[in-house]
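> Build me a model from this:
(one chain, ligands or ions: 1)
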Amino acid sequence: MTLAKQNLAFDAQHIWHPYTNLKHPSPVFGVESAEGVYLNLSNGQQVIDGMSSWWSTIHGYNHPVLNEAIQSQIQKMSHVMFGGLTHQPAIDLSQKLIEMTAPELDCVFLADSGSVSVEVALKMALQYWYSLGETNKNKFLTIKNGYHGDTFGAMSVCDPENGMHTMFQGVMPEHIFVSSPTCVNDQDWQDRDIQEFRTSVQANHKNIAAVILEPIVQGTGGMRFYCPEYLRQVRTLCDQYDVLLILDEIATGFGRTGTLFAYEQAQISPDILCVGKALTGGYMSLAATLCTRKIADTVSDFEDGNLMHGPTFMGNPLACAVANASLDILLESDWKSKVQQIETQLIKELTPCKPLTSVSDVRVKGAIGVIELNEPVDMYKVQPRLVELGVWIRPFGKLLYIMPPYIIEEGELTQLTNAMGILAKEL
Ligand SMILES: *Cc1c(COP(=O)(O)O)cnc(C)c1O
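Okay, here's the model as predicted:
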């Protein structure tokens, strides 16, 4: 059975897809199944997935080990409330996360999506200062071009221009923004690269609970890369001015930028860390917020000491079981050389697009390849064209980019970069 035309028509009329207009929906393709790096579309076409379903399916689709992990957990229990109950999958997962992240990170909150893990991180920081009687420390400082999710708290620290701040003005809390970093290599670092950030911390630290940012790679807010020295400077200033540092590694975590976590490239560690997306190998929605013992103790020592969050599907056993299997696959694989190989190939195959008249920049970091165009693409035209070229790539605005599954083979990656080149030439 494949999706019939009338089903696609129903979809177009009734179902919202991410950031879409229900009156003028952009083209939507049915998917029947997926295997490895391939999506099998309802129209009979097979396309290579360049998106890893938004950073998540790092081991590819329909992975036998991940399937088995879910199947064996489902026989025991699919879900159980986490209030007053616990289980092995959640304990194993928390142990793994504590072990694989910085030694300072010692306590785990299992959230049900990336946005929720950001909400929890923001609450942890606010409750930390509240517990210390510092009730004026209730603002967040962040950099422009960030993306942290779609719920109100997360949205309030997203880029103020492309982050819907105008539409929700007055409803959304207002925080402090500085320009996003521009220095890409540590060798080019100059003190002025941190000046605006430093001035803002100096001026506002009495009101700042935490700095929140995506380390090294700003994802959905612009696919921008910046140098580790910026993060080191941020860490130093946070310590100096008594401000917590929240790192959002929901996109960058689990090897994507070439290190297990992007913050490792700066030899620093955060006070609070958000992970998600690739955590379950793209099988289910799950995220986590980790924090230091000091934050957990401070929150816990004040009044009733409760961290004020607790979603219904917190610590879902199926999601934890598949996350455990996914992390095992990752850590037992040679992900580091694989990401490096992808990086080398992306540099080689995308750099020739730089001189094209439609292209303003080509950049690569780890297993992420970006062609920035001079003009935003027309999705009504571009999406079907990419499918025609045999690839699943979903550009947004001026950004034509891929972050393929780590299991992609050389020839498959070439098909992706070829399609990007062909499209860039046609634009
Ligand atoms: C995707 C993303 C989020 C939000 O995660 P959801 O699971 O979509 O809620 C937050 N931060 C970053 C950096 C992301 O890439």
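
> going forward, measure contacts and count neighbours with C-alpha atoms only.
Noted.

> now what about the helix or strand hosting Ser360, what contacts it?
Assessed by DSSP states H and E, Ser360 sits inside strand 359-365. Here strand 359-365 makes contact (C-alpha atoms under 8 Å, 6 or more residues apart in numbering) with 225, 257-258, 343, 346-347, 350-351, 353-354, 369-374, 424.

> ok, now with 6 Å
Here strand 359-365 makes contact (C-alpha atoms under 6 Å, 6 or more residues apart in numbering) with Thr257, Lys354, Val370, Ile371, Glu372, Leu373, Asn374.

> The ligand: which of these is nearest?
Among those, Thr257 lies closest to the ligand (C-alpha to the nearest ligand atom), at 12.9 Å.

> That closest one reaches Ile368, doesn't it?
No. Using C-alpha atoms under 6 Å, Thr257 is not in contact with Ile368; the gap is 7.3 Å.

> ok, back up a step: let me have the contacts of strand 359-365 in CSV, adding secondary structure, distance to the ligand and neighbour count as columns.
CSV is the format used below for those (DSSP: H, G, I helix; E, B strand; the rest coil; distance: C-alpha to the nearest ligand atom, whole Å; neighbours: other C-alpha atoms under 10 Å):
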residue, secondary structure, distance to the ligand, neighbour count
Thr257, coil, 13, 27
Lys354, coil, 26, 18
Val370, strand, 15, 24
Ile371, strand, 18, 27
Glu372, strand, 18, 24
Leu373, strand, 21, 21
Asn374, coil, 23, 15
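
> and stretch 28-42, how far from the chain's centre?
22 Å (C-alpha atoms, centre = their mean, to the nearest Å).

> What mean pLDDT does it get?
The predicted model assigns stretch 28-42 a mean pLDDT of 97.

> ok so Gly255 is a helix residue?
No. Read with DSSP: H, G, I helix; E, B strand; the rest coil, Gly255 is coil and lies in no helix.

> Relative to Ala287, how far out is it?
Shown here: Gly255 relative to Ala287, a distance of 16 Å by C-alpha to C-alpha, to the nearest Å.

> Just want to know which of these two has more residues nearby.
In this view Gly255 and Ala287 are compared by other C-alpha atoms under 10 Å, and Ala287 has more residues nearby, 28 against 22.

> what sits opposite the more buried one in the beta ladder?
Ala111 (DSSP bridges).

> dump the residue contacts of it.
Per C-alpha under 6 Å, 6+ apart, neighbours of Ala287: Ala111, Asp112, Ser113, Gly114, Val275, Gly276.

> which of the residues you listed lies closest to the ligand?
The closest of these, once distances to the ligand are taken by C-alpha to the nearest ligand atom, is Gly114, at 3.2 Å.

> That closest one: neighbour count?
Using other C-alpha under 10 Å, Gly114 is surrounded by 27 other residues.

> got it, and Val120?
26.

> Likewise for the one 5 residues further on?
Close neighbours of Ala125, defined as other C-alpha under 10 Å, add up to 28.

> pLDDT score assigned to Glu161?
For Glu161, the model assigns a pLDDT of 86.

> count of neighbours near the residue in the stretch 151-300 of the chain positioned nearest to the ligand?
With C-alpha to the nearest ligand atom, the shortest gap between the stretch 151-300 of the chain and the ligand falls at Ala251, namely 4.1 Å. Ala251 has 29 neighbouring residues, counting by other C-alpha under 10 Å.

> Please tell me how far it sits from Ile371.
18 Å.

> try Val28
23 Å.

> Around the ligand, which positions in the stretch 301-427 of the chain sit nearby?
Contact residues (C-alpha under 6 Å from any ligand atom) of the stretch 301-427 of the chain with the ligand: there are none.

> burial of the residue in the stretch 301-427 of the chain positioned nearest to the ligand, as a residue count?
Per C-alpha to the nearest ligand atom, Met403 is where the stretch 301-427 of the chain lies closest to the ligand, at 12.0 Å. By other C-alpha under 10 Å, 26 other residues sit near Met403.

> Next, the contact list for it, please.
So Met403 contacts Gly50, Met51, Ala367, Ile368 (C-alpha under 6 Å, 6+ apart).

> Same list (the contacts of Ala287) but as JSON lines, adding pLDDT.
Listed next are the contacts of Ala287 as JSON lines, based on pLDDT from 0 to 100:
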{"residue": "Ala111", "pLDDT": "98"}
{"residue": "Asp112", "pLDDT": "96"}
{"residue": "Ser113", "pLDDT": "98"}
{"residue": "Gly114", "pLDDT": "98"}
{"residue": "Val275", "pLDDT": "98"}
{"residue": "Gly276", "pLDDT": "98"}
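
> Can you give the strand pairings for the host helix or strand of Gly369, parallel or anti for each?
Using DSSP H and E, Gly369 falls within strand 368-373. The strands beside strand 368-373 in its sheet (DSSP bridges) come out as strand 359-365 (antiparallel), strand 399-402 (antiparallel).

> For Ile212, give me the backbone phi and psi.
The phi and psi values for Ile212, taken as degrees, to the nearest 10, are phi -130, psi 130.

> end-to-end on stretch 32-47?
End to end - C-alpha to C-alpha - stretch 32-47 spans 12 Å.

> ok now that stretch, how far from the chain's centre?
On C-alpha atoms, centre = their mean, the centre of stretch 32-47 falls 24 Å from that of its chain.

> for it, which positions count as buried?
Within stretch 32-47, the residues that count as buried by 16 or more other C-alpha atoms under 10 Å are Ala34, Gly36, Val37, Tyr38, Leu39, Asn40, Leu41, Ser42, Gln46, Val47.

> Kind regards, and thank you for your time.
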